[in-house]
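1. fold the following.
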Amino acid sequence: MQILKSIKSLLSNNSSTSIQIDPLSTVIASGAVFSGDLISENDIWIYGEIKGDISSQKTIYIRDGGTILGDIKSTTTNISGEVIGNIDCQDKVICERSARINGNIKSQDILVEKGASISGKIDIRGMDKDSNEEE
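-> Predicted coordinates for the structure are as follows:
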């Protein structure tokens, strides 16, 4: 219960919009530094700093003020913070206007808002092979 109160407090202080975080999500709070690889089956929300690789079977959110010094592997990645490392997503990468990325991106889809900064190669895989077959 204390964790949920902390999350609600964190969100109310740093966000003008309502964000719903699944209770099974991993949250690295603002001011926290995590060193090592982080692997989760659920969403990961980063407000602090991670020094290591991150992997999620769902979505990784790097919020404004969050920093990743390592590679990312996920289904979807939503970035408004900073990433120094490569990003490999099965589905989509969303780079919000405050995003700063120094590394390569591989994904089926990418959305880059005006103001976002990307320094690296972008590889858009397109649709799955089965979707491209002729009828």
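2. neighbours of T77, how many?
-> The tally of other residues near T77 (other C-beta atoms under 10 Å) stands at 29. (Glycine included, C-beta is placed from N, CA and C.)
3. who's in contact with it?
-> Each residue near T77 by C-beta atoms under 8 Å, 6 or more residues apart in numbering is listed here: T59, I60, Y61, I62, I87, C89, K92, V93, I94.
4. what about the fifth one, how many neighbours?
-> When neighbours are counted by other C-beta under 10 Å, I87 registers 27.
5. okay but it is in contact with C95, surely?
-> No - with contact defined as C-beta atoms under 8 Å, I87 does not count as touching C95 (9.6 Å).
6. what is in contact with those two at once?
-> Overlap of the contact sets of I87 and C95 (by C-beta under 8 Å, 6+ apart) consists of I101.
7. identify the farthest-apart pair in the contacts of T77.
-> Between all members of the contacts of T77, the longest pairwise span (C-beta to C-beta) is found for I62 and K92 and amounts to 14.2 Å.
8. following element in sequence after the lowest-mean-pLDDT helix or strand in the chain, please.
-> Within the chain, no helix or strand scores below helix 2-14, which has a mean of 45 by mean pLDDT, DSSP states H and E. Sequence-wise, the next helix or strand downstream of helix 2-14 (DSSP states H and E) is strand 26-28.
9. any low-confidence regions in the protein?
-> Counting by pLDDT under 70, the chain shows low-confidence ranges at 1-20, 127-135.
10. let's see 90
-> Per-residue confidence for the chain (pLDDT under 90) gives these ranges: 1-25, 125-135.
11. which stretches in it count as helices?
-> Listed in chain order, the helices of the chain (DSSP state H) span residues 2-14, 129-132.
12. now do the same contact list for G36.
-> K51, G52.
13. follow-up on the earlier one: settle it for me: which of I62 and K92 has more neighbours?
-> Neighbour comparison, I62 and K92: the larger count goes to I62, with 29 against 16 (by other C-beta under 10 Å).
14. my guess is that one meets I68, correct?
-> Yes - in terms of C-beta under 8 Å, I62 counts as a neighbour of I68; the distance is 5.8 Å.
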